[in-house]
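Student: Please work out how this folds:
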Amino acid sequence: MKLNELSDNPGATKRKKRVGRGPGSGLGKTAGRGIKGQKSRSGVSINGYEGGQMPLYQRLPKRGFNKPNRKRYAVVNLGMIQKFIDAGKLGEVITENELVDSGLVRRKLDGVRVLGAGELSAKVEMTVTGASRSAIEAVEKAGGSLTVTSAAE
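Tutor: Numbers count the residues shown, from 1 in each chain. Have a look, this model is predicted:
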């Protein structure tokens with residue numbers, strides 16, 4: 001097979017519709033836009049307008065509330081922390097900055113929250129913004145300590 005022998009599947013490509021190219025094309029003069037009116041002009045955006053009927057986005061029920069000042073935490077599981085300790089990327093003292101430097105967390109956002117999924121066998125001292133109860137218990141069971149710096153539990 002050579003590059004010049006390559007071809008697409010039949011029907012995979014379609015020719016571009018060229019409008020406004022003379023009367024013989026079938027889409028000349030008004031280019032398929034009809035005569036006059038708002039939709040025949042350029043720069044018109046009336047998507048979502050349903051001709052006086054209540055638009056769909058207004059008919060559907062609205063639910064919930066998005067808190068404008070909510071905290072967003074970077075989430076880490078204990079299993080991944082153990083994996084990084086085994087790989088030698090994390091030491092015995094773990095802070096949020098060390099989690100970022102090791103590559104386990106991309107960015108801190110409003111802080112790092114540790115969750116209890118996975119096993120932790122290493123004895124570590126951890127200081128993070130938030131942690132779940134199961135994560136705190138698992139770290140203490142392994143002989144380490146987990147300090148939560150903010151009011152987040």
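Student: isn't there a helix covering residue 126?
Tutor: No - applying DSSP: H, G, I helix; E, B strand; the rest coil, one finds residue 126 to be strand, outside a helix.
Student: What are the boundaries of the strands in the chain?
Tutor: 74-77, 93-95, 112-115, 125-128, 130-131, 145-148 (DSSP state E).
Student: Show me the contact partners of the first one.
Tutor: Think strand 74-77. 99, 104-109, 111-118 (C-beta atoms under 8 Å, 6 or more residues apart in numbering). For the C-beta atoms, the positions are set from N, CA and C on the backbone; glycine is no exception.
Student: Pairing partners for that strand, with directions?
Tutor: With DSSP bridges as the test, strand 74-77 is paired with strand 112-115 (parallel).
Student: so how far is the strand it pairs with off the chain centroid?
Tutor: The chain centroid and the centroid of strand 112-115 are separated by 19 Å under C-alpha atoms, centre = their mean, to the nearest Å.
Student: for it, what is the average pLDDT?
Tutor: Averaged across strand 112-115, pLDDT comes to 95.
Student: Also stretch 28-42?
Tutor: pLDDT averaged over stretch 28-42 gives 90.
Student: which residues touch that stretch?
Tutor: With C-beta under 8 Å, 6+ apart as the contact definition, stretch 28-42 has outside contacts at 19, 20, 21, 22, 23, 44, 46.
Student: Distance of residue 107 relative to residue 69?
Tutor: Distance from residue 107 to residue 69, counting by C-beta to C-beta, to the nearest Å: 19 Å.
Student: So between those two, which is more surrounded?
Tutor: Per other C-beta atoms under 10 Å, whichever of residue 107 and residue 69 has more neighbours is residue 107, with 7 against 4.
Student: Residue 99 is in contact with that one, correct?
Tutor: No - using C-beta atoms under 8 Å, residue 107 is not in contact with residue 99, being 10.3 Å away.
Student: Would you write a ChimeraX line that selects the buried entries of the contacts of strand 74-77?
Tutor: Per 16 or more other C-beta atoms under 10 Å, the buried members of these correspond to this ChimeraX selection:
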select :99,104,105,108,111,112,113,114,115,116
